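A.B. asks: Sharing a model that was predicted from the sequence below.
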Amino acid sequence: DDKRDIVFIAKRLCDMGFEIIATKGTGKVLASNDIKAQVVRKIEEGDKKILDLINRLKQDSGTSVILITHDLGVIAEASQHVAVMYTGQIVEYAAVNDLFSTPLHPYTKGLMESIPRIDDIPGQDGYLKAIAGVVPSLYNLPNGCTFQDRCPDVMEICRENEPELKENSPGHKVHSWLYK
């Protein structure tokens with residue numbers, strides 16, 4: 001029974017640290033995972049079963065699901081398209097396979113570089129790379145690109161003008177002066 005499956009999924013997602021918001025009558029569910037709960041979380045067997053069930057229900061019922069999470073493993077497993085956000089705005093949007101194979105925005109690249117890899121050696125250069133700097137206050141954002149103080153590719157135009165979200169290739173949009 002689909003309703004029982006949906007309730008089961010919602011309960012399991014809550015157990016995994018997700019907040020659930022369901023819109024009445026539409027069958028759409030919004031799930032959000034708080035980054036404070038876990039910075040990096042591996043998809044465990046139970047999580048994989050839940051994600052498989054979500055994907056099956058999406059296909060069977062034609063329902064859309066929006067997952068808001070910092071867990072790139074969940075994104076890779078359960079999403080078709082992904083919007084990467086920084087300071088409340090989309091900085092990159094693409095099909096999930098395109099985003100993981102060809103990240104364009106420096107923030108997205110930084111996120112990808114911070115994923116632990118099986119061949120990483122603790123203490124070695126490059127192990128668990130972090131994005132330099134501090135996220136600016138949302139109450140006092142800088143002029144221009146909000147990622148400018150953390151960006152390894154910052155240019156003068158980044159400090160003066162905010163770029164637009166533009167399509168770099170079919171279906172792959174980026175909010176950066178690096179791609180005009």
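C.D. replies: Looks like it came in fine.
A.B. asks: could you pull out the strands for the chain?
C.D. replies: Using DSSP state E, the strands found in the chain span residues 18-22, 29-33, 65-68, 81-86, 89-95, 166-169, 172-174.
A.B. asks: Just checking: what are the partner strands of the shortest one?
C.D. replies: This means strand 172-174. Strand 172-174 has the following sheet partners, assigned by DSSP bridges: strand 89-95 (antiparallel), strand 166-169 (antiparallel).
A.B. asks: how big is the angle separating the first one from strand 81-86?
C.D. replies: So that's strand 89-95. 160 degrees (axes from the mean of the first three to the mean of the last three CA atoms, to 10 degrees).
A.B. asks: Run a quick neighbour tally on the closest residue to K166 other than its chain neighbours.
C.D. replies: Nearest non-adjacent residue to K166, counting by CB to CB, 6 or more residues apart in numbering: K173, 6.3 Å away. In this view, the C-beta of every residue, glycine as well, is placed from N, C-alpha and C. By other CB atoms under 10 Å, the residues close to K173 number 19.
A.B. asks: Return the residues in contact with K173.
C.D. replies: K173 makes contact with 90, 92-94, 165-167, according to CB atoms under 8 Å, 6 or more residues apart in numbering.
A.B. asks: partner residues bridging it?
C.D. replies: Y93, E167.
A.B. asks: likewise V84?
C.D. replies: Applying DSSP bridges, one finds that V84 bridges with E92.
A.B. asks: my guess is it contacts G110, does it?
C.D. replies: No - counting by CB atoms under 8 Å, V84 stays clear of G110, with 10.3 Å between them.
A.B. asks: Tell me the buried residues in stretch 93-111?
C.D. replies: 93-94, 96, 98-100, 103-111 (16 or more other CB atoms under 10 Å).
A.B. asks: just to revisit the earlier point, ok, so of the contacts of K173, who is nearest R150?
C.D. replies: Within the contacts of K173, the smallest distance to R150 is 15.0 Å, found for E92 (CB to CB).
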